[in-house]
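Colleague: Fold the following for me, if possible:
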Amino acid sequence: MPMPTEGQTLGAAGFIAAYGQAQAQQAAAIQQQTGYLLQARNTLAVAEVNAQYSKQYANIQAGRLLKRADIEARNFQIAGNTIQKNLRATNANIRARAAAAGIDYAGGSAENIQLQNVQEAMFDVGVADLNALTARVLGFEDATAMIQSAELQDTLNLFAARQQSAQYKQAGSAARQTGGLMATQTLIQGGFDAYKTMKT
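Modeller: Numbers count the residues shown, from 1 in each chain. All right, here's what the predicted structure looks like:
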C-alpha cells in the first residue's frame with residue numbers, strides 16, 4: 001500500500017479542519033435558534049402571566065368601586081330615611097303644639113305648615129334617592145369600564161407578544177438556515193482547497 005504524499009496529507013487535514021468548522025457553524029446556528037425559541041416562549045409566557053394578574057387586579061379594583069358605590073348609595077338612602085324621620089317628628093311637634101294651644105291641628109295654618117314640610121322633605125328625599133341611584137349606576141359604569149379597559153389592554157399586550165414571539169421564531173429559523181448555508185459553503189470550500197492541495 002503506497003504512502004500518502006505530503007499534499008494528500010495536507011489536503012486531508014485541511015478537509016477535516018473545514019468539516020470541523022462547518023460542524024461548529026451548524027452547532028452555533030442551532031444554539032442561536034434555540035436562544036430565539038426560548039425568547040419567543042418566554043415573551044409569550046410573561047405576557048400571559050401579566051394578562052392573568054391584570055385581569056385579577058381589574059376585578060379586585062372593580063369590586064372595590066362597586067362596594068364604594070354601594071356604600072355611597074346606602075348613605076344617601078340613610079339620609080332620605082333621616083329626612084322622613086325628622087319630618088314625622090317635626091309635624092308631630094306642630095300637631096302637639098296646635099292641640100295644646102286649642103288650635104285645629106288638622107286644618108288652617110297648622111295644616112299648611114305640615115303640608116309645606118312634607119313637600120320640602122319629599123323633594124329632599126327624591127334628591128337623596130336620585131343620588132343613591134346615580135351612585136350605583138356610576139359605580140357600575142366605572143367598574144365595567146375598568147374591566148373592559150383591562151381586557152382590551154390584555155388583548156393588545158398578548159397580540160404584541162404573539163407578534164414578537166413569531167418574530168423570534170422567524171429569526172431563529174433564519175439563523176438556522178444561514179448557519180446551514182455557511183456550513184455547507186465552508187465544507188465545499190474545504191473540499192476544493194483539499195483537492196487543490198492534494199493535486200500539488
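
Colleague: This structure: helices as residue ranges?
Modeller: Per DSSP state H, the chain carries helices over the ranges 6-100, 108-199.

Colleague: list the contacts for the most centrally placed residue in the chain?
Modeller: Nearest residue to the geometric centre of the chain (CA atoms, centre = their mean): residue 154, 3.6 Å. Contact analysis of residue 154 by CB atoms under 8 Å, 6 or more residues apart in numbering lists 50, 51, 54, 55. No exception for glycine: its C-beta is placed from N, CA and C like everyone else's.

Colleague: and it, how far is that from residue 127?
Modeller: Residue 154 sits 40 Å away from residue 127, going by CB to CB, to the nearest Å.

Colleague: can you check residue 11 too?
Modeller: Counting by CB to CB, the gap from residue 11 to residue 127 is 102 Å.

Colleague: again with residue 194
Modeller: Residue 194 is 98 Å from residue 127, by CB to CB.

Colleague: try residue 52
Modeller: Separation of residue 52 from residue 127 (CB to CB): 43 Å.

Colleague: More neighbours: which of these two?
Modeller: residue 127 (14 against 11; other CB atoms under 10 Å).

Colleague: In contact with that one, which residues?
Modeller: Contacts of residue 127 (CB under 8 Å, 6+ apart): none.

Colleague: Report the separation between it and residue 6.
Modeller: According to CB to CB, residue 127 stands 109 Å off from residue 6.

Colleague: just residue 134 next, same as before
Modeller: Computed as CB to CB, the residue 134 to residue 6 distance reads 99 Å.

Colleague: do the same with residue 169
Modeller: Distance from residue 169 to residue 6, counting by CB to CB: 49 Å.

Colleague: Same check on residue 183?
Modeller: Counting by CB to CB - residue 183 and residue 6 are separated by 28 Å.

Colleague: same thing with residue 71?
Modeller: As judged by CB to CB, residue 71 and residue 6 stand 96 Å apart.

Colleague: Check residue 97 too.
Modeller: With distances taken as CB to CB, residue 97 is found 134 Å from residue 6.

Colleague: re the thing from before, okay, residue 134 and residue 6: which has more neighbours?
Modeller: residue 134 (14 against 11).

Colleague: In terms of pLDDT, where does that one sit?
Modeller: pLDDT, residue 134: 94.

Colleague: what does the one 4 residues further on give?
Modeller: Residue 138 is assigned 94 on the pLDDT scale.

Colleague: quick one, what contacts it?
Modeller: So residue 138 contacts residue 69 (CB under 8 Å, 6+ apart).

Colleague: In the protein, where is pLDDT below threshold?
Modeller: Counting by pLDDT under 70, the chain contains low-confidence ranges at 1-2, 4, 200.
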